[in-house]
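S.K.: pasting the sequence and the predicted model now:
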Amino acid sequence: QSNRLGRVSRDCLADKALVLYFEGKQRDEALLRALQQVYKQFGCEEGLGHFEVVYITAAESAEQFAACFRAMPWLTLPFTHALRREQLRHLFEVDPDDCA
């Protein structure tokens with residue numbers, strides 16, 4: 001899912017490296033700004049970059065998720081996909097208490 005494109009097919013991600021951005025309970029605003037700057041610098045907003053960021057939320061409500069994601073230029077795993085978010089956290093051994 002994307003703010004600028006809506007639902008995104010897997011074909012759009014072919015030949016791109018994926019950066020999974022796991023949100024933690026405490027957001028690191030400096031890290032977020034730096035990531036946004038790199039994303040823009042490499043042309044990812046226009047689909048020209050060789051990588052794509054996928055935001056994995058730690059929000060506990062759809063409203064919290066929408067407030068955070070609204071300002072982000074990259075893709076996300078939809079809030080309604082809670083099981084998939086948990087599976088990814090488990091697969092990559094991510095603890096929301098230790099994330100940015």
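M.R.: On my side now, so go ahead. Since the structure is predicted, the reported quantities are computational estimates derived from the model, not experimental observations.
S.K.: where do the helices sit along the chain?
M.R.: Assigned by DSSP state H, the helices in the chain fall at 29-41, 62-69, 82-91.
S.K.: wait, which of those helices is closest to Ile56?
M.R.: helix 82-91 (5.6 Å; CB to CB). In this view, the C-beta of every residue, glycine as well, is placed from N, C-alpha and C.
S.K.: tell me the pLDDT at the residue most central in space within the chain?
M.R.: By CA atoms, centre = their mean, the chain has its centre lying nearest to Tyr55, at 1.2 Å. In this model, Tyr55 is scored at 92, pLDDT.
S.K.: pretty sure it contacts Ala71?
M.R.: No - applying CB atoms under 8 Å, one finds Tyr55 not in contact with Ala71, separated by 10.8 Å.
S.K.: any weak-confidence spans in this protein?
M.R.: Applying pLDDT under 70 to the chain flags residues 1-5, 99-100.
S.K.: repeat that with 90
M.R.: 1-15, 23-29, 31-33, 40-51, 58-60, 66-74, 95-100 (pLDDT under 90).
S.K.: could you pull up the residues touching the residue lying closest to Gly43 once chain neighbours are set aside?
M.R.: Closest residue to Gly43 apart from its sequence neighbours, by CB to CB, 6 or more residues apart in numbering: Gly49 at 4.9 Å. Counting by CB atoms under 8 Å, 6 or more residues apart in numbering, Gly49 makes contact with 16, 39, 42-43.
S.K.: name the member of those with the most neighbours.
M.R.: Using other CB atoms under 10 Å as the neighbour test, the contacts of Gly49 are led by Tyr39, with 19 neighbours.
S.K.: residues touching that one, list them.
M.R.: So Tyr39 contacts 45, 49, 53, 73-74 (CB under 8 Å, 6+ apart).
S.K.: having no further points to raise, I will conclude here.
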